[in-house]
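Visitor: prediction below, plus the sequence it came from.
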Amino acid sequence: MAAGFVFIAMLLAAFSLWTAIPLSWVYIASKLSQTQFPAGGPYAVVVVGILLTFVVVAWLIGRLNNLYIRITGTNRLEPIRPNWLKSMRDTAPVHSSVTVVEAVLMASVMLAALALTVWFFLLAGSPIPNQ
């Protein structure tokens with residue numbers, strides 16, 4: 001159960017790389033700017049802030065991965081292959097499995113793409129003015 005919580009924490013941290021971190025730094029920079037056409041300062045704040053926060057979150061994901069390894073004894077996920085895809089001669093175990101970090105990052109990218117799609121088609125509204 002503890003490994004599941006660590007996995008979920010890693011997934012949330014990785015998901016924030018594509019959503020919360022960039023949006024937060026854009027919001028912070030928008031509050032620093034006095035006009036709609038700022039100089040390079042707010043843009044630099046966004047770039048530097050995102051890069052530094054990415055480094056911190058990547059370090060956090062690495063620490064969580066180490067915790068996951070201490071809990072489970074491995075950093076590999078068992079390959080999940082449905083029975084109907086297995087050959088009747090398939091007796092040897094499959095040794096190529098993904099690591100936890102790979103699975104977390106792949107899942108976070110897919111979740112971010114899904115969130116962007118839902119926002120774009122359902123929540124954003126039309127950019128065309130109603131007349």
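Guide: Structure's in. What do you need? Please read all numbers here as calculations on a predicted model, not as lab measurements.

Visitor: could you point out which element follows the helix or strand harbouring G4?
Guide: Using DSSP states H and E, G4 falls within helix 2-18. Sequence order places helix 20-32 as the next helix or strand after helix 2-18, per DSSP H and E.

Visitor: what is the mean pLDDT for that next one?
Guide: Mean pLDDT, helix 20-32: 92.

Visitor: then stretch 1-15?
Guide: 91.

Visitor: helices and strands around the helix holding G4, which ones?
Guide: helix 40-72, helix 100-118 (3 or more Cβ pairs under 8 Å, 6 or more residues apart in numbering; DSSP states H and E). Every residue, glycine included, has its C-beta placed from N, CA and C.

Visitor: list the buried residues of stretch 21-41.
Guide: I21, P22, W25, A29 (16 or more other Cβ atoms under 10 Å).

Visitor: make TSV out of the residues you listed and add distance to L77.
Guide: TSV is the format used below for those (distance: Cβ to Cβ, whole Å):
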residue	distance to L77
I21	25
P22	28
W25	32
A29	38
